[in-house]
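**Q** Got a sequence here, can you build the structure:
(chains A, B and C)
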Amino acid sequence: MGLVESGKLPKPLTNLLNISRKYSLWMYQWGLACCAIEMAAVMAGPRFDVMRLGVIPLPASPRQADLLCVSGTVTDKMVPSVRRLWEQMPDPKYVISMGSCANCGGPYWDSYSVTKGVDQVIPVDVYVPGCPPRPEALLEGIVLLQEKIANEDMAEKWRGDPIVVS
Amino acid sequence: MTAVTEPTEQDQLAYVAAKAADSRVNVELETDDGMTLNIGPQHPATHGTLRIVAKLDGEQVLWAEPIMGYMHRGYEKLVEVRTYPQVTTLINRIDWLGSFANEVPFILACEELMEIEAPPRAQYIRTVLHEMGRISHLIMGVGDMGVQIGALTPMFYAFRDREYLLNQIEAATGGRFHPNFDRIGGVKDDLPAGWIAETTRIMKTMTAFCDQMDDLLMGNEIFEQRTRGIGVIPPELAQLYGLSGANLRASGIDWDLRRDSDSPMAWKHADFKVITHTDGDSFARTWCRLQEIRESAKIVTQLLDDLPSGPIMAKVPRIIKVPAGEAYVATENPLGEMGYYVVSKGDLGPFRVKIRTASFSNVSIVPWILRGVYVPDIITILGSLYFILGDIDR
Amino acid sequence: MIPLSSADTATEDTSAEDAPAEESGPSDEMREALLAEIAGLLGDSLVESHIVPGKQLYLRVTPESWKETHRVLRDEMGFKFFEFLSAIDWMPSPFGKSEDASADAGIPVTKVEDPGEIEQGFAGGETRFQVFTRVVDISHDTPGKSVGVIVKVDVPDPHEDPEPVLETLLSIYPGTNWHEREIHEMFGIGFTGHPYLEKLYLPTDFEGNPLRKDFPLLARHVKPWPGIVDVEPMPDDADESDDDSGAAAEGGDDA
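**A** Numbers count the residues shown, from 1 in each chain, chains lettered A, B, ... in the order given. A predicted model of the protein is given here:
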């Protein structure tokens, strides 16, 4: 049993781990609609350049990702895939819900085919409002998430017996 | 052309479609008779959430069938319960890269039913914003085509130059992505001070971008090898499938609603060329798009040069009620012909709106065109058809 | 300037076999000539027609001649460009118009008891549902000469009479494949001969045909639109603010 699971992680070690985690987020892009273009502007656009915040875009697989960015309209047909993708990500994992559609359904609040908020199927850490949010808003959301990670007590979160896959 | 119109092909179509539906997301491989390759619903090459199920024999595609609906938001139902001014907010988001262009045909259809016409200055501003939307859209298309076949640089350049354009659209409309600027009877605001000079300057940047892409992409040997002769669409078939926009013009059909319709918009005052290409392959489609950016930049510069003065709104009642009737208006949007069939019963909102989107028809040729190609060419063909998922699924 | 349409709701009952439609407003010789030519080719299968001068030509044909009409239009008239195929449910919505629409306009919201009679649009009709296509002849190069035709056909309510009356247009315009699937999904209207009429957009377990007028948008029933909630009077708009707040109160009351 490691230090983290025993719940006896010394504070300086927690800080060190948190700093290293918050500046090496692999962001898996789940670009669905308009917001995907703004997210792409953040990831690939020279003006916004998310890598200066220590976020590495475009991992090859969700199994390598720490951060999932759901950007755009989630439909009922898409929901199983979103859930399945999130389940494939290893812990600790974080979710940013970008845009009004992913937050609550947005302009499609009365649609028969749109899921009213991705938080119905996966837990969301940071909501970025806007339709679509400006790239700066997504950067702000990432900064907020990094603050959250920095203040996390890992030992508190993962106390208990480790899950062993046999 | 006749090959697909024969009734015997229907059996094959049924087989294709039935197989496509049967392979669920979690069945990615089948080993009994060939291999089923599932691309999507989330794949960079599908511009969003298109899913393509392809049956392979080795490296060759036996059949492929797109499965859509992952972005279906029910537009045609939602606009029935909204008022006319509310509808424009919603329809901005159909084709999210060329947002302003989505509003224009709907507004024109409503104006046709209300028998009003926007003043000339408003028509000019509309046309300028429509063309700027087209440039920002096609820039992404060309940059994205590079990414599809492994050249990342065009994408970075595209994002770089697109930002200038979005700044201008934002300065005029207040919306970076979704302007919601078009009103029945005119446009919302006049252009801000200094906007015309700055936009004219940026149009030169856009032309420079085209030159750069001509060098980087079109003259690139690898690019040519990957795209020349790949995914050829015969002109006859393109018409029967309802392809429009650069996909149709690249097959050699000289058809552009900017020139060929009697739209009240200001295109008739501009001098521009309709770009066509005779090859009909992936290269021709990308090439047409690139040259259309040039032409659009020319249109914007010309129209801004002789922008008429005057009011920007016609006289419209405060509460908009559209008289009963039916109207179909289509314009040449970045992806092709987009039209709205508006049925009104004299209420505050439309009775029924059929939204004819370009991508839906453009992508409907995919099962035909992907038959027999190799796996890397799937990506090339999809990239060169250039669609937006919101435009397919609505 | 383009002549503006003079047509209104009143449908023209001019039979195509008769002399060209007598318009009260500006005439459209090009479309009238086209209509006469089409009427000659179609004969009895053309039921009604309507011209919006300078804008559009509407035809209504019998369901039996649906496929043959399109073959004639494609092969003999040159309408090779297939634009769309769609359908319409002419029944007024039993749920009324949108709540928010009424709230914004300051009209009290009432539950619609009598939604009104079914009233078809241009070129008339007899049934609640109509399917229509638009095909275009794009071989003309001169501006404004590129003409399109909207072809309508009556179909019975597919929920009452599930036997499809229309033949698929797949062999005429292969692009209709997905359009017909969409119509089948959205209205329940079937097409004989279509090899794969399955859901196009919606998940396989979705029930109902969303574009039918009797399909409710449940979100609106569960959670009514509150109207205008946070209206602050505009600085120069003191008189209008009263209207808006009244509208908000009325909109909020609706369940």
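**Q** use CA for all of it now, contacts and neighbours both
**A** Will do.
**Q** gap between the closest residue to residue B:108 other than its chain neighbours and chain A?
**A** Closest residue to residue B:108 apart from its sequence neighbours, by C-alpha to C-alpha, 6 or more residues apart in numbering or on different chains: residue B:329 at 6.7 Å. Note on residue B:329: its distance to chain A, by C-alpha to the nearest C-alpha, to the nearest Å, is 25 Å.
**Q** Confirm that residue B:329 sits in a strand.
**A** Yes - Residue B:329 sits within a strand when classified using DSSP: H, G, I helix; E, B strand; the rest coil.
**Q** check contacts around it.
**A** Residues in contact with residue B:329 (C-alpha atoms under 8 Å, 6 or more residues apart in numbering or on different chains) are B:105-106, B:108-109, B:339-341.
**Q** Could you identify the most distant pair in the residues you listed?
**A** B:108 and B:341 (10.8 Å; C-alpha to C-alpha).
**Q** shaky segments in the chain?
**A** I went with chain A, as the question did not name one. The model of chain A has pLDDT under 70 over residues A:1-7, A:155, A:158-166.
**Q** Not quite, go with chain C.
**A** Low-confidence segments of chain C (pLDDT under 70): C:1-27, C:95-118, C:123, C:140-146, C:220-255.
**Q** Point out the residues in it that sit beside chain A.
**A** Residues of chain C lying close to chain A (C-alpha under 8 Å from any C-alpha of the partner chain) are C:202-203, C:210, C:217-220.
**Q** just those residues that are near chain B?
**A** Answer for the residues of chain C next to chain A near chain B (C-alpha under 8 Å from any C-alpha): C:202-203, C:210.
**Q** Can you identify each of the strands in chain A by residue range?
**A** A:25-31, A:55-57, A:67-71, A:94-98, A:126-128 (DSSP state E).
**Q** With chain B as the reference, name the closest of these.
**A** Of all those, it is strand A:25-31 that lies closest to chain B, at 6.5 Å by C-alpha to the nearest C-alpha.
**Q** So what touches that closest one?
**A** Residues from elsewhere that reach strand A:25-31 (C-alpha under 8 Å, 6+ apart): A:36-37, A:39, A:54-59, A:61-62, A:64-72, B:42, B:48.
**Q** run the last query once more with 6 Å
**A** A:55-58, A:65-71 (C-alpha atoms under 6 Å, 6 or more residues apart in numbering or on different chains).
**Q** Next, the angle from that strand to strand A:94-98.
**A** 40 degrees (axes from the mean of the first three to the mean of the last three C-alpha atoms, to 10 degrees).
**Q** residue nearest the centroid of chain A?
**A** residue A:95 (2.4 Å; C-alpha atoms, centre = their mean).
**Q** Going by proximity to chain C, name the top residue of chain A.
**A** The minimum distance from chain A to chain C, using C-alpha to the nearest C-alpha, falls at residue A:110 (4.9 Å).
**Q** what's the burial count for that residue?
**A** By the criterion of other C-alpha atoms under 10 Å in any protein chain shown, residue A:110 has 25 neighbours.
**Q** Name the nearest residue to it, sequence neighbours excluded.
**A** Once flanking residues are discounted, residue A:110 sits nearest to residue C:219: 4.9 Å by C-alpha to C-alpha, 6+ apart.
**Q** Secondary structure class of that neighbour, three-state.
**A** Under three-state DSSP, residue C:219 falls in the helix class.
**Q** again with residue B:355
**A** Secondary structure, three-state DSSP: residue B:355 is strand.
**Q** For it, give its distance to residue B:391.
**A** When distance is defined by C-alpha to C-alpha, to the nearest Å, residue B:355 is 10 Å away from residue B:391.
**Q** go on, residue A:56?
**A** Remark: distance between residue A:56 and residue B:391 (C-alpha to C-alpha) = 30 Å.
**Q** Could you check stretch B:68-88 and say which residues are buried?
**A** Buried residues in stretch B:68-88, defined by neighbour count with 16 or more other C-alpha atoms under 10 Å in any protein chain shown: B:68-85, B:87-88.
**Q** which residues touch that stretch?
**A** With contacts defined as C-alpha under 6 Å, 6+ apart, stretch B:68-88 is touched by A:77-78, A:113-114, B:49-50, B:103, B:348-353, B:393-394, C:97-98, C:101, C:201-202, C:211.
**Q** Now do it: distance to the chain's middle.
**A** 18 Å (C-alpha atoms, centre = their mean, to the nearest Å).
**Q** end to end, how far does that stretch reach?
**A** 24 Å.
**Q** Burial check on residue 60, number of neighbours?
**A** Just going to use chain A. For residue A:60, the count of nearby residues is 10 (other C-alpha under 10 Å).
**Q** try chain C instead
**A** A count of nearby residues for residue C:60, using other C-alpha under 10 Å, gives 24.
**Q** Same check on residue C:68?
**A** Neighbours of residue C:68 (other C-alpha under 10 Å): 16.
**Q** my read is it is in a helix, agree?
**A** Yes - according to three-state DSSP, residue C:68 belongs to a helix.
**Q** For residue B:220, the count of nearby residues, please.
**A** There are 12 residues near residue B:220, going by other C-alpha under 10 Å.
**Q** residues touching it, list them.
**A** Contact analysis of residue B:220 by C-alpha under 6 Å, 6+ apart lists nothing.
**Q** May I have stretch A:47-58 as CSV, with CA atoms only?
**A** The C-alpha trace of stretch A:47-58 is given here as CSV (Å, rounded to 0.1, in the frame of the first residue of the first chain):
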residue,chain,number,x,y,z
ARG,A,47,-2.9,33.3,-30.7
PHE,A,48,-4.2,31.3,-27.8
ASP,A,49,-1.8,28.4,-27.5
VAL,A,50,-3.0,26.2,-24.6
MET,A,51,0.4,24.6,-24.2
ARG,A,52,1.8,27.5,-22.3
LEU,A,53,-0.6,26.5,-19.5
GLY,A,54,0.9,23.1,-19.4
VAL,A,55,-2.0,21.5,-21.1
ILE,A,56,-1.0,19.0,-23.8
PRO,A,57,-3.7,18.6,-26.5
LEU,A,58,-4.4,15.6,-28.7
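**Q** List the buried residues of it.
**A** By neighbour count with 16+ other C-alpha under 10 Å, stretch A:47-58 contains the buried residues A:48-51, A:54-58.
**Q** out of the residues you listed, which touch chain B?
**A** Among the buried residues of stretch A:47-58, no residue lies close to chain B (C-alpha under 6 Å from any C-alpha of the partner chain).
**Q** Near chain C, which residues of chain A are found?
**A** Residues of chain A lying near chain C (C-alpha under 6 Å from any C-alpha): A:77, A:110.
**Q** Please read the previous query as pertaining to chain B.
**A** With the criterion set to C-alpha under 6 Å from any C-alpha, chain B comes near chain C through B:5, B:14, B:68-69, B:77, B:81, B:83, B:239-242, B:260-262, B:324-325.
**Q** Closest to chain A out of these?
**A** residue B:69 (7.1 Å).
**Q** can I assume the closest one sits in a helix?
**A** No - Residue B:69: not assigned to a helix; according to three-state DSSP it is coil.
**Q** Just the pLDDT for it.
**A** In this model, residue B:69 is scored at 82, pLDDT.
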